[in-house]
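>>> Got a sequence here, can you build the structure:
(one chain, ligands or ions: 1)
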Amino acid sequence: MKKILLLSAIIFICIFSALHAQGTDSVTATSFDPAAATQKYLDILSPAQKAKSDAYFEGGYWLILWNLLYTLALGFVFLRLGLSKWMKKIAQKVNNINLQNLIYGLLYLLLAWILSFPISVYEGFCREHQYGLSNMTFTGWLVESLEQLGLTAILGGVLLVVLYFAIRRTGKRWWIWGTAIVIAFTAFTAFIAPVFLMPIFNQYKPLEEGPIKAQILSMARANNIPADNVYEFDASKQSNRISANVSGFANTTRISLNDNLLKRCTPAEIKSVMGHEMGHYVMNHVYKGILEMGVLMFLSFALVNWAFNTIVARWGDKLSITGIADIAGLPLLAVIFSVLSFFTTPISNSLTRTQEIEADMFGLNAAREPDGFAAVSMKLSEYRKINPGHWEEIIFFDHPSGRVRVSTAMKWKAENLK
Ligand SMILES: [Zn+2]
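Below you'll find the predicted structure:
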């Protein structure tokens, strides 16, 4: 009730001052048209730039499908062409079941990486260069891919051993425990990421001294964010993409902005991006994201359990899988999870996009730089389609489109900057 009263008072004061302001500054207040201002920003992109951005982003839609088909083909190679049987034979040379699962799991990750190499090179290297989005040499890219593989082997190996241990212990209810283990594992990975994982790929350091640092740190303090939780990193070694993020979990949570943002953007643009990232931090989006993912995981695991049991009951012999506790079922689990994540892409995109919209609003209110935010949203069109259709945005976008962001910023400007 108190809150409502306070809110009413604030609204009353705002309306009163708006009316008062109209008397003295009526030209600016009435002449600013958010729709026209939005169009002016959208017109910054030349038809050629827009066509290139659209082609890059729409190519990503097809990649979702090609990746699914590729995973299905891999499943066939593992389960029907004898690769899985061969891996199991090698793993069974040791007696300990956990060690067997670890060996099979590591062989699976390694062979899946090798067999996926052509599509990975196209997607991660060739296509990025084709659109002028990468600064990496092939060797640099390959080294980074191998580091990622090493990391996946360590973390994935541990996860698989724990997961299969739980499967053997919990029987039919394995999928409930599976969900809990995956959520706990995700939180743990998020916790160690800023300190142990992200520094493998980029160098992180406290913000460089300079005029912009003072403004960012003032904004951080105004939002109750400890100053030593704001970092910069050298993303320019990979690409020219502007970005910033919030990472970590519990006391490792931090905001990081990349050097491209610092080099390529005006102070107003940087402030608007930092306001957005601070929104993620203040609104605890990391925790909420893990919880949301947990619900999606729970439903996914239930469906995976049903699909796996149905398939093994009918074709278990042909696929050489005896049951859920058999590690040889791993390629089948990967296939089922891929099919499921293909169909739940619009849901996970929409969950993320909802948080992004919240952070956009927070950022506009915190930084009060609608033109900075609109300008930087236009710059992001290098890798994100600027003006998609309504359903296209719901299905494929994990961030609001440039058009939505510019329009939101201009509406905010019309109502809040007089
Ligand atoms: Zn964001």
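>>> what about stretch 279-288, how long is it end to end?
Start-to-end span of stretch 279-288 (Cα to Cα, to the nearest Å) is 13 Å.
>>> got a list of contacts for it?
Here stretch 279-288 makes contact (Cβ atoms under 8 Å, 6 or more residues apart in numbering) with 190, 223-225, 229, 245-249, 253, 255, 355, 358-363, 366. Quick note: C-beta positions are derived from backbone N, CA and C, even for glycine.
>>> likewise stretch 121-135?
52, 55-56, 59, 63, 67, 136, 138, 141, 145, 236-241, 382-383.
>>> can you pull out the strands in the stretch 151-300 of the chain?
204-206, 230-233, 244-247, 254-258 (DSSP state E, counting those that start in this stretch).
>>> What's the mean pLDDT across the last one?
Averaged over strand 254-258, pLDDT sits at 89.
>>> Going by neighbour count, which residues in that strand are buried?
Across strand 254-258, burial judged by 16 or more other Cβ atoms under 10 Å covers 254, 255, 256, 257, 258.
>>> Same question for stretch 296-310.
Neighbour counts over stretch 296-310 (16+ other Cβ under 10 Å) mark 296, 297, 298, 300, 301, 303, 304, 305, 307, 308 as buried.
>>> Any of the contacts of stretch 121-135 buried? List them.
Buried members of the contacts of stretch 121-135, counted by 16+ other Cβ under 10 Å: 52, 56, 67, 136, 141, 145, 236, 238-241, 382-383.
>>> In CSV, list the residues you listed along with pLDDT and distance to the ion.
Shown next, in CSV, are the buried ones among the contacts of stretch 121-135 (pLDDT from 0 to 100; distance: Cβ to the ion, whole Å):
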residue, pLDDT, distance to the ion
52, 95, 24
56, 96, 20
67, 96, 24
136, 94, 24
141, 96, 26
145, 96, 26
236, 92, 20
238, 93, 19
239, 92, 18
240, 89, 19
241, 91, 14
382, 88, 17
383, 91, 14
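>>> interface residues of this structure facing the ion?
Within the chain, the positions lying close to the ion (Cβ under 5 Å from the ion) are 356, 359.
>>> Now stretch 173-186: average pLDDT?
The average pLDDT within stretch 173-186 is 94.
>>> Check which residues of it are buried.
Buried positions in stretch 173-186, judged by neighbour count with 16+ other Cβ under 10 Å: 174, 175, 177, 178, 179, 181, 182, 183, 185, 186.
>>> Please state the offset of it from the chain centre?
Relative to its chain's centre, stretch 173-186 lies at 21 Å (Cα atoms, centre = their mean, to the nearest Å).
>>> Got phi/psi on residue 248?
Dihedral pair for residue 248: phi 90, psi 180, per degrees, to the nearest 10.
>>> before we move on, what about the one 5 residues further on?
Main-chain torsions, residue 253, degrees, to the nearest 10: phi -60, psi 130.
>>> Would you check that it makes contact with residue 231?
No: counting by Cβ atoms under 8 Å, residue 253 does not reach residue 231; the two are 11.4 Å apart.
>>> average pLDDT for stretch 337-356?
If you average the pLDDT over stretch 337-356, you get 95.
>>> Buried residues in it, which are they?
Across stretch 337-356, burial judged by 16+ other Cβ under 10 Å covers 337, 338, 339, 340, 341, 345, 349, 351, 352, 353, 355, 356.
>>> Closest to residue 272 out of those?
Distance to residue 272 across the buried residues of stretch 337-356 (Cβ to Cβ) is lowest for residue 356, with 13.8 Å.
>>> What sits closest to that closest one if chain neighbours are left out?
Spatial nearest neighbour of residue 356, excluding adjacent residues (Cβ to Cβ, 6 or more residues apart in numbering): residue 399 at 4.8 Å.
>>> that older thread, looking at the buried residues of strand 254-258, spot the one nearest residue 417.
Checking the buried residues of strand 254-258 against residue 417 with Cβ to Cβ, the nearest one is residue 257 at 24.2 Å.
>>> Which pLDDT value belongs to the residue in the stretch 51-200 of the chain that the ion sits nearest to?
In the stretch 51-200 of the chain, no residue comes nearer to the ion than residue 190, which is 15.4 Å away by Cβ to the ion. Looking at residue 190, its pLDDT reads 91.
>>> got a list of what it touches?
247, 248, 249, 286, 290 are the contacts of residue 190 under Cβ under 8 Å, 6+ apart.
>>> Let's see that with 7 Å instead.
248, 249, 286 (Cβ atoms under 7 Å, 6 or more residues apart in numbering).
>>> Pretty sure the first one sits against residue 194.
Put plainly, it is residue 248. Yes: judged on Cβ atoms under 7 Å, residue 248 makes contact with residue 194 at a distance of 4.5 Å.
>>> what's the overlap in contacts for the two?
Taking Cβ under 7 Å, 6+ apart as the contact rule, the neighbours common to residue 248 and residue 194 are residue 254.
>>> Okay, buried residues for the host helix or strand of residue 98 please.
In this assignment (DSSP states H and E), residue 98 forms part of helix 97-115. Within helix 97-115, the residues scored as buried using 16+ other Cβ under 10 Å are 97, 100-109, 111-113, 115.
>>> contact partners of it?
Under the contact criterion Cβ under 7 Å, 6+ apart, helix 97-115 has outside partners 74, 77, 83, 87-88, 90-92, 94, 149, 152-153, 156-157, 160-161, 164-165, 327, 330-331.
>>> are any of these buried, and which?
Buried subset of the contacts of helix 97-115 (neighbour count, 16+ other Cβ under 10 Å): 74, 83, 87-88, 91, 149, 152-153, 156-157, 160-161, 164-165, 327, 330-331.
>>> quick one, helices of the stretch 101-250 of the chain?
In order along the chain, the stretch 101-250 of the chain carries the following helices (DSSP state H, counting those that start in this stretch): 117-121, 127-130, 138-170, 174-192, 198-201, 211-222.
>>> tell me which residues of the fifth one are tucked away?
For helix 198-201, the neighbour count (16+ other Cβ under 10 Å) marks 198, 201 as buried.
>>> Sweet, I'm off.
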